[in-house]
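Asker: what's the 3D shape of this:
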Amino acid sequence: MLRPYKTGSIVMIMVFLFSSPLRLFAAGPASGWDGKGRGSVSLDFSLATAKEEAGRAVLSVAPREIDLGDINFDEVTRGQFSLKSIGGGNIAWFTEGPEGWAQLPDQGLAGKLSSDQDYLHLSIRSVRGPLAENVDSAKRKSYNVQLKLEAGGKVAGFSRELPVGTYREPLRIISPGGSRTVFLNFRVTDAKPESPLVVEPPRLDFGVMSSGKQATKQIRITNKVRDTIKWRVIVPKPGDEKPGLPPMRGEYVSFRNDDIKTGSIYLPAAHLKGTLDISGIWVESEGYPAAGDSNSAIRFKFSGTGVDLYAWQGPEGGELTVYVDEQMIQFYQLNSPERSRKELPVISGLPDGPHVITLVSGESGSIVEGVRVYGKELMRGNPGWMTVIPNSGTTTREMDYLSVRIDTQQLTPGSYGEQIILASDHGDVVVEAFVEIRADQTLKFLDVYRYVRNHNYLYTANPQAEAGRLQKGGYRKEGIAFRLFAPGTPGTTEFYRWYNSKTDDHYYSYILNTAAKPMKDYLLEGSIGNIATSKLTNTRELYRWYNAETGGHFYTIDPKGEGIAKKGYKFDGIAGYVR
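Answerer: Have a look, this model is predicted:
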C-alpha cells in the first residue's frame, strides 16, 4: 500500500544535510533481532565537499520494486537492492525504514558509496505465532512482522503489527542529491511452519469396534532438529473448531496388521476380512503389505464417491497400477532417493455406492499403507472419548511415545474421526484418528459360489468383486456350493485360496504353508471367508477331492462327491466345517 510522504521531515533532513557536517548514525554489526551489540558510526563531510559531490554524484537504486512473496510464521524471506553512485565521487545515503514501522532500536541505517557498487540486503519474517489453544481468533490473524536491513556490515531492524493480507511498502533512501523510493511487496499469511516433530504413524485407524469397547494405540515422536521442542496435546471438543486447523477429509483405512510376524507373509487384519483381498506374493513390512513379485494384487471394497491411496516411496519403490471397478485409473512410479509416505490421488466424483479399488504391482518393492475414502460423513465422539497420555512434554533427540486411548461408551454405530493436535512454538502436527462403530450382530454367513473352467474350480464369496476375472477367464457359474462364516466368528478361521498357473488349479485350506500339501508353484490369493476347524452346531463337512492326472481339486458338501469320481477324482479328506 502507498504511504504519504512526510514533507516536513524531508525538508528538515535536507537542511541538516547541507547546513552542517553530515553525521549519520548506523547500526553496528549484525547480532540478530534483539537489538544488542549495536553501536553508532559517524560519516563526516565538510559542507563544501557535500555540495561538490552532490553536484556530480547521483544515487542509483535497482530494482525499484521487489516481490518477497508469502511471509509465513518464523520463515525468513530475503531480497536485495543494488546501490551505485552515478557520476563519480562519494555519496552518502540514509534510510529510516518503511514509514510507520518502529525502529529496533530507534535509529536508521546509513552508508557511503564511491563509484563501486554496493548492496542493501533485506530479510523479513513474522515472529509471533500463537499456539492452537486459548487464543482470541481475531488476534490470531495479526502478526509481528520484522524487517532487517543490512549494508556495509551494518544492520538496522524495523517491526510492525500487520494482519493477514497483501502489502506494498515504500522504502525511502535519502542522499544529498535527493531521495529514491523503492517498494517492498509481500503477503502476510496465516500459514504455520512445518513442525520439526515427526509422528509415526501420522494417521491412526482403530478399525471396527462395538459400542462400549476400549482400545489403545501408540504413536512415536522424534525431533529432527537439535533444539528442545516443548509440546502439548490438544483434542478439540465437538463444535470447537480451531482457526487454521485443516478439515477432516474422508475416512482413512489402514492396511496395517500388527498381529503378524516381521518378514512373514502379509495377511489382512481381522477387521478387514471381507473387504480386503490379496493375490500373488505380499510380504509384511512394518505391518504393511509389500509386493514380493510383479502382478501381485490388492483388492479393497469400499462404499463412497472417491478414493485416494497412501503408499511408501523410496530407493526400493516399485510401480503400482490402480484400477477402480475394473477400469485403469492411475499408474504410479514409487522410486525415490528418500523414503517417505506419499499421498496419491486416485479418483473422485464416483456414484455414491459400492466400488472396488485394485492395486497391481509392476515389480517388487511397492509398500501400500492404506486408502482414504470420500463420501461418508464422519461423526464426532462424546467429550472425553479420546485421551492421550502424556498430554505434554519436551523432546530433544530422544524418542517419545504417546498412548492414544478411545472409549466407545454410548457411541452409536457409524464412522468417527478425530484430530489430535501436537502444538508447539515451532509449529503444529495434526494426527488423525478413525474408528468404525458397529452394533453387535448375530452370526453372519457368506454364500460361496462355484465357478468352473475345464478342471479348474474357483470358489468365491464375492463374485461381484471378481466379475472381470471370471468373465475374462471363461468361467461358468454353477451356483452356491456351501456357506462360510463371516470374519471374526468365534470358533472359525480364515479359509485361504491358492492358484497354480501351471496346472490351472485352485487349492483351499485354513492352514498356511501346510506340510500336508506341497505348495510349490501355488500363489496365495487370500481368504474367501471363515471356516470352522471342528464340528460346530448346524455345520457339515466340506469334502476335498483330488485328480492326480490333472492336479485339480474339487470341494463339496456331498459325501459322494456329486459324481466327481467318474472324472478321475479321489477323496482327499475333510477341508473343514461349513454351513
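Asker: CA atoms for contacts and neighbours, from now on please.
Answerer: Will do.
Asker: buried residues in the helix or strand where residue 434 lies?
Answerer: Element membership of residue 434 [criterion: DSSP states H and E] is strand 429-438. Residues 429-437 are the ones in strand 429-438 that count as buried (16 or more other CA atoms under 10 Å).
Asker: Against which helices or strands is it packed?
Answerer: In terms of contacts (3 or more CA pairs under 8 Å, 6 or more residues apart in numbering; DSSP states H and E), strand 429-438 is packed against strand 197-200, strand 203-210, strand 414-424.
Asker: Pick the most deeply packed of those.
Answerer: Each of those was scored by mean neighbour count; the highest is strand 414-424, a mean of 21, by mean count of other CA atoms under 10 Å.
Asker: And the contacts of stretch 296-307?
Answerer: For stretch 296-307, contacts defined as CA atoms under 8 Å, 6 or more residues apart in numbering pick out 275-282, 345-361, 371-376, 465.
Asker: quick revisit: for the buried residues of strand 429-438, give me a markdown table that also has pLDDT and distance to residue 254.
Answerer: A markdown table is the format used below for the buried residues of strand 429-438 (pLDDT from 0 to 100; distance: CA to CA, whole Å):
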| residue | pLDDT | distance to residue 254 |
| --- | --- | --- |
| 429 | 89 | 19 |
| 430 | 91 | 17 |
| 431 | 93 | 14 |
| 432 | 94 | 12 |
| 433 | 95 | 11 |
| 434 | 95 | 10 |
| 435 | 94 | 11 |
| 436 | 91 | 12 |
| 437 | 89 | 16 |
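Asker: nearest to residue 457, of those?
Answerer: residue 436 (35.7 Å; CA to CA).
Asker: Can you tell me which of the contacts of stretch 296-307 are classed as buried?
Answerer: 276-282, 346-347, 350, 355-361, 371-376, 465.
Asker: Is the residue nearest to residue 325 when sequence neighbours are not counted bridged to anything, and to what?
Answerer: The shortest distance from residue 325 to any non-neighbouring residue, by CA to CA, 6 or more residues apart in numbering, is to residue 356 (5.2 Å). Residue 356 has the following beta-bridge partners by DSSP bridges: residue 301.
Asker: And the residue nearest to residue 104 when sequence neighbours are not counted, how close does it get to residue 124?
Answerer: Leaving aside its chain neighbours, residue 104 sits nearest to residue 157 (4.8 Å; criterion: CA to CA, 6+ apart). Distance of residue 157 to residue 124, computed by CA to CA, to the nearest Å: 10 Å.
Asker: what residues are shared contacts of the two?
Answerer: Joint contacts of residue 157 and residue 124 (CA under 8 Å, 6+ apart) are 146-148.
Asker: Among those, which one lies nearest to residue 310?
Answerer: Out of the shared contacts of residue 157 and residue 124, the member with the shortest distance to residue 310 (by CA to CA) is residue 146, at 39.4 Å.
Asker: so that closest one touches residue 158, yeah?
Answerer: Yes. The pair residue 146 / residue 158 is scored as a contact, 5.7 Å apart, by CA atoms under 8 Å.
Asker: Just the buried ones among the contacts of stretch 296-307: which are in helices?
Answerer: In helices, judged by DSSP state H, none of the buried ones among the contacts of stretch 296-307 are found.
Asker: which residues touch the most centrally placed residue in the chain?
Answerer: Nearest to the geometric centre of the chain sits residue 343, at 6.2 Å (CA atoms, centre = their mean). Neighbouring residues of residue 343 by CA under 8 Å, 6+ apart: 308-311.
Asker: swap in residue 184?
Answerer: Shown in contact with residue 184 (CA under 8 Å, 6+ apart): 65-68, 167-171.
Asker: give me phi/psi at it?
Answerer: In terms of degrees, to the nearest 10, the main-chain angles of residue 184 are phi -110, psi 120.
Asker: Over to residue 564?
Answerer: Dihedral angles (degrees, to the nearest 10) for residue 564: phi -70, psi -20.
Asker: cool, residue 257 as well?
Answerer: According to degrees, to the nearest 10, residue 257 has phi -120, psi 110.
Asker: ok, it to residue 344 distance?
Answerer: 21 Å.
Asker: would residue 562 count as being in a helix?
Answerer: Yes. Under DSSP: H, G, I helix; E, B strand; the rest coil, residue 562 sits within a helix.
Asker: Tell me the pLDDT of it.
Answerer: pLDDT, residue 562: 95.
Asker: Burial check on it, number of neighbours?
Answerer: Using other CA atoms under 10 Å, residue 562 has 11 neighbouring residues.
Asker: same deal with the one 10 residues further on?
Answerer: By the criterion of other CA under 10 Å, residue 572 has 14 neighbours.
Asker: What ranges does the stretch 51-200 of the chain have for its helices?
Answerer: 137-140 (DSSP state H, counting those that start in this stretch).
Asker: got any ranges where it has weak pLDDT?
Answerer: Along the stretch 51-200 of the chain, the model assigns pLDDT under 70 to residues 51-56, 73-74, 88, 105-106, 115, 128-141, 191-193.
Asker: in the sheet, who's paired with the residue nearest to residue 104?
Answerer: residue 104, residue 148.
Asker: roughly how far apart are it and residue 300?
Answerer: Counting by CA to CA - residue 157 and residue 300 are separated by 58 Å.
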